[in-house]
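Q: this is a predicted model, with the sequence first.
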Amino acid sequence: MSERGNFGTKIGVILATAGSAVGLGNIWRFPYMTGQDGGAAFIIIYLVCVLILGIPGMVAEFVVGRHSGANAARAYYNIGGRKWSLLGYGGAITSMIIFGFYSVVAGWCLQYLFASTMGQLNGDVTYVQHYFKTFSSDPLRPLFWTVAFIIMTHLVVVKGVRKGIERASNILMPTLFILLFIIVVASCMLPGTKSGLEFLFKPDFSKVTRSVFLDALGQAFFSLSLGTACLCTYASYFNRQTNLVKSAVQIAGIDTLVAILAGLMIFPAAFSVGVRPDSGPSLIFITLPSVFQQAFAGMPLLGYVIGVFFYGLLVLAALTSTISMHEIGTALFYEELHLSRSKGAWIETIVCIVIGIFCSLSCGAVDITVFGKSFLDFCDFITSDILLPLGAFFTCVFVGWYVPKNIVKDQITNWGTISSRLYGIWLFVVRFICPICIGSVFLHQLGII
């Protein structure tokens, strides 16, 4: 078995771990939910949820990962024994399933990056809608891009933590911010963007209901990668000097900043041409191509550049997330099966390609359903609505109630070298507040409350 790696720099820790959180959900789900659930009112509630659920939950996973310095399953086993190792195995399985169906959508982004570069997305809404329907239901083209994206991820992870994941994150994350900033500036300079900015930032407290609070909790929970064992795995590569709480705050801040900038990218352009953005795949693959064409009709070259940059941005956001998903399984396979990193990475890649094939074909080419849902939608449901909340819930219970207090305090304070004034508050939140919040999200996702 090859020697375990570790992150070489503080900025590498932040960019790599923030990259695991920043993904496609930041680009379309957060902006849409913000507009739907009261604009600035939702953002305020979301920020509070990040503070009371997201950051404490992240730190809890960091504690387990850095203390053990091993893959997720081994990390939980080292502290809690065989029964608690199921949390690590569950996180690895969950990440594989997510990686499989996530790569299908990321593959669509690759196709659209290619199509926009070649000028193939020029046309009205009907044309773009037909283009997406024809492409997504094709049995081969989506499959090709899905596999291509998984292989792209594999090529990064197989090089290791420092030469692969950290080096890629140090390039991908700044590039992502540059592209995002360029599109935001171009979008906000369009005429008639005031309505879009009001839609995003003007509080509408009349829309604030219990459901809005639960939506904000759920967004904070899923956006920060809680429950996938990703944070635990990455923390196993942290060194003894890494400040866990400070790192969690910085990562949550970057993730939230990307989400808000995504809103500034989408809403001003959409409202400038009188379009109210939809949710889901239709926003990215049907609505926005038409929006960019209309918004920059007087400057076709700029419209072309913005379209290419936008899908390049989506590909980068997807890739920073899938790198972390891939690493969870890779670390588990090569450490637990005593293989080389390369062989462990190939096992992860092959498993995820198989899942991706079934998910891709279920989108229209072949009728593959489970409990009345397409295979892709079923994978989304079983992970997002069941496995992720359960994983995060039991992680908070494990760290809050089972892990010896001396271990937890040593990790939070870096063995007494950092102030422990917030330790008591953090422990109370992880013990009581986080489980209640996560339980509420879980029941809400299932339609019980």
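A: Done, it's in.
Q: buried residues in stretch 362-376?
A: Under the neighbour-count criterion of 16 or more other Cβ atoms under 10 Å, stretch 362-376 has Ser362, Cys363, Gly364, Ala365, Ile368, Ser374, Phe375, Leu376 buried. C-betas here are computed from N, CA, C, even on glycine.
Q: let me see the mean pLDDT of it.
A: For stretch 362-376, mean pLDDT rounds to 89.
Q: swap in stretch 303-322?
A: In this model, stretch 303-322 has an average pLDDT of 93.
Q: ok, now stretch 173-191?
A: Here stretch 173-191 scores 92 as its mean pLDDT.
Q: which other residues reach it?
A: For stretch 173-191, contacts defined as Cβ atoms under 8 Å, 6 or more residues apart in numbering pick out 15, 18-19, 22, 193, 197, 258, 261-262, 264-266, 268-269, 272, 295-296, 302, 306, 309-310, 312-313, 316-317, 320.
Q: likewise for stretch 99-108?
A: Under the criterion Cβ under 8 Å, 6+ apart, residues 23-24, 135-136, 142, 144-150, 153, 281, 285, 314-315, 318-319, 321-322, 325-326, 329, 351-356, 358-360, 363, 376, 379-380 lie in contact with stretch 99-108.
Q: give me the buried subset of the residues you listed.
A: The neighbour count (16+ other Cβ under 10 Å) marks 23-24, 135-136, 142, 145-147, 149-150, 153, 281, 285, 314-315, 318-319, 321-322, 325-326, 329, 351-353, 355-356, 358-360, 363, 376, 379-380 as buried among these.
Q: out of those residues, which sit inside helices?
A: Within the buried ones among the contacts of stretch 99-108, residues falling in helices by DSSP state H are 24, 135-136, 142, 145-147, 149-150, 153, 281, 314-315, 318-319, 321-322, 325-326, 329, 351-353, 355-356, 358-360, 376, 379-380.
Q: contact partners for the residue lying farthest from the centre of the chain?
A: Farthest-out residue of the chain from its mean C-alpha position, per Cα atoms, centre = their mean: Gly298, at 35.2 Å. With contact set as Cβ under 8 Å, 6+ apart, Gly298 has no partners.
Q: ok, it to Thr117 distance?
A: Separation of Gly298 from Thr117 (Cβ to Cβ, to the nearest Å): 22 Å.
Q: do the same with Ala92
A: Counting by Cβ to Cβ, the gap from Ala92 to Thr117 is 36 Å.
Q: of those two, who's got more company?
A: Under the criterion of other Cβ atoms under 10 Å, the comparison of Ala92 against Thr117 puts Ala92 first, with 25 against 14.
Q: so the more buried one is in which element?
A: Using DSSP states H and E, Ala92 sits in helix 82-117.
Q: residues near Cys188, how many?
A: By the criterion of other Cβ under 10 Å, Cys188 has 16 neighbours.
Q: per-residue pLDDT of Leu261, please?
A: Reported pLDDT for Leu261: 92.
Q: show me what contacts it?
A: For Leu261, the contact set (Cβ under 8 Å, 6+ apart) comprises Leu180, Phe181, Val184.
Q: show me what counts as buried in stretch 274-291.
A: Val275, Pro277, Pro281, Leu283, Ile284, Phe285, Ile286, Thr287, Leu288, Pro289, Ser290, Val291.
Q: over to stretch 251-262?
A: Buried residues in stretch 251-262, counted by 16+ other Cβ under 10 Å: Ile251, Ala252, Ile254, Asp255, Thr256, Val258, Ala259, Ile260, Leu261, Ala262.
Q: what's near enough to touch the nearest residue to the third one once chain neighbours are set aside?
A: Right, the one you point to is Ile254. The shortest distance from Ile254 to any non-neighbouring residue, by Cβ to Cβ, 6 or more residues apart in numbering, is to Ala18 (4.2 Å). Applying Cβ under 8 Å, 6+ apart to Ala18 gives the contacts Met173, Gln250, Ile251, Ile254, Asp255.
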